[in-house]
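1. task: produce atomic coordinates for the following.
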Amino acid sequence: MFIGRLHLIIFVSDVVRSTAFYKDMLGFGFKGFWDAPNNRIVESWNDSSQPDYAELFVGDNRIGLRPTGNVVPASAVECSIEVDDVDALFRSLADKGMIVPGPVKQPWGARTLTIEDPDGHVWHFFQHLAA
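-> Model (predicted):
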């Protein structure tokens, strides 16, 4: 029934700024911005208004960014993504100037790195430890 891929929509205050954060800081792949008036996907956004949507990806999973506008999300969520080397991700973020606490060994057999995006959305990056 389920095939394991996830498409997550995150409401953000600034789609262009958040897209840059996910691409440049976290290394997420980028599909494009949705240019609704022209019914097309574009690689860059030069308009003074916000795009209606941007799509990024991590592996087979898609992350859509939408402007908050008048939308008030019903609840908050935390997102988790498995990585193969949480320490390498930590070093990469530090090299880019991001100040975050280092990875933490968890009692359930993983090391986690927790960050917040520019809008305060919490992301956990985890690496399973060998038993």
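
2. so what's the residue positioned nearest the centre of the chain scoring on pLDDT?
-> Ranked by distance to the mean C-alpha position of the chain (CA atoms, centre = their mean), the top residue is residue 22 at 5.0 Å. Per-residue confidence for residue 22 comes out at a pLDDT of 97.

3. next one: residue 3
-> As summarised for this prediction, residue 3 has a pLDDT of 61.

4. ok, now the one 5 residues further on?
-> Each residue has a pLDDT score; the one for residue 8 is 91.

5. please tell me I have it right and it contacts residue 64.
-> Yes: in this structure residue 8 lies within contact range of residue 64 using CB atoms under 8 Å: 7.0 Å. The C-beta positions use only the backbone N, C-alpha and C, and glycine is treated the same way.

6. the more surrounded of these two?
-> Under the neighbour definition other CB atoms under 10 Å, residue 8 and residue 64 were set side by side, and residue 64 has more, 17 against 13.

7. correct me if wrong, but the more buried one is in a strand.
-> Yes: going by DSSP: H, G, I helix; E, B strand; the rest coil, the assignment for residue 64 places it inside a strand.

8. just to revisit the earlier point, part of a strand, is the residue nearest to the centre of the chain?
-> No: looking at residue 22 with three-state DSSP, it is helix, so not inside a strand.

9. how many neighbouring residues does the nearest residue to it once chain neighbours are set aside have?
-> Closest residue in space to residue 22, ignoring its immediate chain neighbours: residue 28 at 4.4 Å, by CB to CB, 6 or more residues apart in numbering. The local packing of residue 28 (other CB under 10 Å) involves 18 other residues.

10. let me see the contact set for residue 28.
-> Residues counted as contacts of residue 28 (CB atoms under 8 Å, 6 or more residues apart in numbering) are 22, 56-58, 63.

11. now a ChimeraX select for only the buried ones of those.
-> One line in ChimeraX is enough to select the buried ones among the contacts of residue 28; burial here means 16 or more other CB atoms under 10 Å:
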select :22,56,57,58,63
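
12. would JSON lines of the contacts of residue 28 with distance to residue 80 be doable?
-> Formatted as JSON lines, the contacts of residue 28 follow (distance: CB to CB, whole Å):
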{"residue": "22", "distance to residue 80": "15"}
{"residue": "56", "distance to residue 80": "16"}
{"residue": "57", "distance to residue 80": "16"}
{"residue": "58", "distance to residue 80": "11"}
{"residue": "63", "distance to residue 80": "13"}
